[in-house]
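# model this:
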Amino acid sequence: MIRLIKNANVDDIKRELSRLMHVGSQRQDVRDFALSIVPNYNDDQISAVYSYVKTNVRYQPDPTSSELFVAPWKLVELVKLGRAAEDCDGISLFCSTLYRSLGYQARLALLDIQGEGI
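Below you'll find the predicted structure:
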């Protein structure tokens, strides 16, 4: 599932990120993927997920004046195909969802770094 929200406000962004993280962390395919990452690293689970995502998800900004949300379960498919790309909130959403699927408490924080009211 991919969702594009044009001229998104803060509430729209928070609501969509929260929904996707909750749904994604409950899915067995997302949990299985997260568990498959952990044995590949000698560090703890948090570091393993972070390192994996950093290596396998390319940064790509959203279209101008829009927020593009890729569901974590869809991003799992794209990672497996070697075609995963996301912006900051998408990468954060993906990591947080993987952490939650492993049983960790994870939350996202939105920061206003460009003075846009976020």
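# please make it C-alpha for all contacts and neighbour counts, starting now.
OK.
# next up, the contacts around the residue nearest the centre of the chain.
Centroid-nearest residue in the chain, with Cα atoms, centre = their mean: Phe94, separated by 1.9 Å. Contact analysis of Phe94 by Cα atoms under 8 Å, 6 or more residues apart in numbering lists 21, 72, 75.
# and it, what element?
Element membership of Phe94 [criterion: DSSP states H and E] is helix 88-101.
# could you list the buried residues of that helix?
Across helix 88-101, burial judged by 16 or more other Cα atoms under 10 Å covers 89-101.
# could I have the helix ranked longest in the chain exported to PDB, CA atoms only?
Looking across the chain with DSSP state H, the single longest helix is helix 10-26. Taking Å, rounded to 0.1, in the frame of the first residue of the first chain, the C-alpha atoms of helix 10-26 are listed here in PDB:
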ATOM      1  CA  VAL A  10       0.800  17.700  10.900                       C
ATOM      2  CA  ASP A  11      -2.300  15.900  12.100                       C
ATOM      3  CA  ASP A  12      -2.600  14.000   8.800                       C
ATOM      4  CA  ILE A  13       1.000  13.000   9.000                       C
ATOM      5  CA  LYS A  14       0.800  11.900  12.600                       C
ATOM      6  CA  ARG A  15      -2.400   9.900  12.000                       C
ATOM      7  CA  GLU A  16      -1.000   8.100   9.000                       C
ATOM      8  CA  LEU A  17       2.300   7.300  10.600                       C
ATOM      9  CA  SER A  18       0.600   6.000  13.700                       C
ATOM     10  CA  ARG A  19      -1.800   3.800  11.700                       C
ATOM     11  CA  LEU A  20       0.900   2.300   9.500                       C
ATOM     12  CA  MET A  21       3.200   1.600  12.500                       C
ATOM     13  CA  HIS A  22       0.400  -0.100  14.500                       C
ATOM     14  CA  VAL A  23      -0.900  -2.200  11.600                       C
ATOM     15  CA  GLY A  24       2.600  -3.100  10.400                       C
ATOM     16  CA  SER A  25       3.900  -4.200  13.700                       C
ATOM     17  CA  GLN A  26       1.000  -6.700  14.100                       C
END
